[in-house]
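Engineer: take a look and give me a structure for this.
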Amino acid sequence: MGRSQGDARQFLEGLFHAAVAAAQPRQSIARFLPDPPRGRTIVVGAGKGAAQMARALEDLWPGPLEGIVVTRYGYAAECRRIEVLEAAHPVPDEAGLEGAARLLERVAGLTADDLVIALVCGGGSALLPAPPDGFTLEDEIALNEILLASGAPISAMNTIRKQFSRIKGGRLAAAAYPARVVSLLISDIPGDEAAFIASGPTVADKMMPADALRAAERYAIALPPAIRAHLETAEGAPSPDDPRLKNTEAHVIASARVSLEAAADEARKAGVTPVILSDAIEGEAREAGLFHAALALEIERRDEPFAAPVVLLSGGETTVTLKGSGKGGRNSEFLLSFAARIAGSQAISALAADTDGIDGSEDNAGAFADGETVARLAAAGLDVNACLSDNDAWTAFAAIGGLFEPGPTGTNVNDFRAILIDRRD
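Structural biologist: Residues are numbered from 1 along each chain as shown. So this is what the prediction gives:
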């Protein structure tokens with residue numbers, strides 16, 4: 001009947017930690033350090049792993065440097081020369097507004113002899129609110145809440161965010177002109193498109209306000225009238241051929257694919273065959289859960305298309321269209337949907353978690369599930385379908401001790417899913 005619940009959890013948790021270790025900033029940054037400049041070295045950055053990136057850069061950099069990075073509350077790391085600010089995520093706050101303003105101030109007045117190193121990773125969009133002139137923080141908060149509840153993919157949300165900002169969409173790099181700008185990016189974006197990581201504060205793309213409006217229409221995002229009117233007339237973010245961006249470069253230094261391959265290596269060491277399904281899965285979390293469950297059950301019942309024991313690995317960023325009022329996150333909702341489909345299985349165990357250590361707005365990275373999860377919920381007086389309908393996956397897993405709470409990891413390469421199918425006796 002497969003390994004015990006405790007052994008399965010230990011195995012799956014080990015894969016998660018291997019994936020996270022592969023995305024830690026120090027070893028990644030070392031491979032992409034630029035040459036020191038003749039002038040000053042200024043560090044700017046934002047994201048849930050920005051403080052850890054800053055500390056790693058301090059340890060590796062051969063000369064003087066200074067700067068500011070913004071991270072999520074509770075995610076700070078001690079730095080000696082780089083100031084670390086904390087702000088709210090996923091909904092922006094005044095601290096983030098101040099942090100964005102200070103980053104723009106820090107890169108102002110530089111020369112062609114100066115170097116700006118931008119440390120950017122997932123979470124940077126919410127951590128750097130900077131609404132256009134004539135708008136307030138409350139306007140950006142309202143937009144962010146609408147986007148988070150929309151169920152739209154992260155690429156669509158960031159297309160809109162970068163057109164409603166004074167810092168995103170390459171504007172921070174433009175403000176640093178004529179200094180050289182080198183961006184070191186940890187990708188939490190399916191496909192690792194640099195311009196979409198944290199809405200690209202230092203990386204431009206060809207998207208314009210009209211593209212943001214089309215994204216809103218495609219995903220039925222009800223933009224506030226004032227924001228829609230702004231997008232209809234706004235000049236838009238700098239394009240990649242903007243002269244102010246001619247001396248910029250960007251490097252994706254860590255990604256979901258690298259982390260999944262590290263987890264696969266860890267599985268092989270334990271004698272379990274790994275299969276990486278994809279590092280770029282998107283769509284509704286509960287639908288992705290059903291797909292993964294169907295594949296796991298096919299393996300359990302028929303040893304097709306893979307023979308047990310096998311662990312299915314996948315990454316990317318699913319979404320949740322909010323219809324209920326419960327607590328949860330996309331990984332927890334994925335796993336609750338998955339658990340409902342595999343109920344009664346004697347060989348399947350799974351972990352779904354966010355590699356930054358936080359799934360949604362609670363303190364868990366995700367959760368564990370197996371074939372007995374639905375029965376445990378029933379014993380606790382909870383109905384799995386009712387919890388799903390209310391987007392209340394956190395409450396469900398909390399009630400049965402199924403939450404996974406590793407704490408902040410210092411990096412972010414998005415969702416991590418590991419599904420173990422053991423041999424049945």
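Engineer: make it CA atoms for all contacts and neighbour counts henceforth
Structural biologist: Fine.
Engineer: those strands in the stretch 151-300 of the chain, which residues are they?
Structural biologist: 180-186, 248-254, 273-281 (DSSP state E, counting those that start in this stretch).
Engineer: so which of those is the most packed in?
Structural biologist: Per residue and on average, the most neighbours among those fall to strand 180-186, with a mean of 27 (mean count of other Cα atoms under 10 Å).
Engineer: what sits up against that one?
Structural biologist: The contact list for strand 180-186, computed with Cα atoms under 8 Å, 6 or more residues apart in numbering, reads 23, 29, 32, 34, 112-122, 173, 194, 197, 202-203, 247-255, 411-413.
Engineer: for that strand, C-alpha coordinates in PDB please.
Structural biologist: The C-alpha coordinates for strand 180-186 follow below in PDB (Å, rounded to 0.1, in the frame of the first residue of the first chain):
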ATOM      1  CA  ARG A 180      24.700  50.900 -17.100                       C
ATOM      2  CA  VAL A 181      21.900  48.700 -15.700                       C
ATOM      3  CA  VAL A 182      22.400  45.000 -15.100                       C
ATOM      4  CA  SER A 183      19.300  43.100 -13.900                       C
ATOM      5  CA  LEU A 184      19.700  39.800 -12.100                       C
ATOM      6  CA  LEU A 185      16.400  38.100 -12.100                       C
ATOM      7  CA  ILE A 186      14.900  35.000 -10.300                       C
END
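Engineer: that one - what's its average pLDDT?
Structural biologist: The average pLDDT for strand 180-186 rounds to 97.
Engineer: adjacent strands (with direction) for it?
Structural biologist: strand 115-120 (parallel), strand 248-254 (parallel) (DSSP bridges).
Engineer: contact partners of the last one?
Structural biologist: It stands for strand 248-254. Residues contacting strand 248-254 (Cα under 8 Å, 6+ apart): 22-25, 28-29, 32, 173, 180-187, 192, 194, 203, 413.
Engineer: so which of the strands paired with strand 180-186 comes closest to V384?
Structural biologist: strand 248-254 (36.0 Å; Cα to Cα).
Engineer: if we can go back for a sec, turn the strands paired with strand 180-186 into CSV, columns for distance to A378 and mean pLDDT.
Structural biologist: Output for these, formatted as CSV (distance: least, Cα to Cα, whole Å; pLDDT from 0 to 100):
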stretch, distance to A378, mean pLDDT
strand 115-120, 43, 98
strand 248-254, 41, 96
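Engineer: dump these to JSON lines, plus distance to G401.
Structural biologist: Listed next are the strands paired with strand 180-186 as JSON lines, based on distance: least, Cα to Cα, whole Å:
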{"stretch": "strand 115-120", "distance to G401": "34"}
{"stretch": "strand 248-254", "distance to G401": "32"}
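Engineer: quick revisit: relative to D356, which of the strands of the stretch 151-300 of the chain is closest?
Structural biologist: Among the strands of the stretch 151-300 of the chain, strand 180-186 sits nearest to D356 (Cα to Cα), with 11.2 Å.
Engineer: now distance to D211 too, for the strands of the stretch 151-300 of the chain, in a markdown table please.
Structural biologist: Putting the strands of the stretch 151-300 of the chain into a markdown table (distance: least, Cα to Cα, whole Å) gives the following:
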| stretch | distance to D211 |
| --- | --- |
| strand 180-186 | 24 |
| strand 248-254 | 23 |
| strand 273-281 | 22 |
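Engineer: how about the ones you listed, which one is nearest D383?
Structural biologist: Nearest to D383, of the strands of the stretch 151-300 of the chain and by Cα to Cα, is strand 273-281 at 27.5 Å.
Engineer: ok, and what's touching the closest one?
Structural biologist: With Cα under 8 Å, 6+ apart as the contact definition, strand 273-281 has outside contacts at 189-191, 256-257, 260-261, 264-265, 267-268, 308-318.
Engineer: ok, which of the strands of the stretch 151-300 of the chain comes nearest R218?
Structural biologist: strand 273-281 (19.2 Å).
Engineer: any idea how far T319 is from E145?
Structural biologist: Going from T319 to E145 by Cα to Cα, to the nearest Å gives 14 Å.
Engineer: neighbour-wise, which of the two wins?
Structural biologist: Set side by side, T319 and E145 show more neighbours around T319, with 24 against 13, by other Cα atoms under 10 Å.
Engineer: now that one. Its backbone dihedrals?
Structural biologist: Main-chain torsions, T319, degrees, to the nearest 10: phi -130, psi 160.
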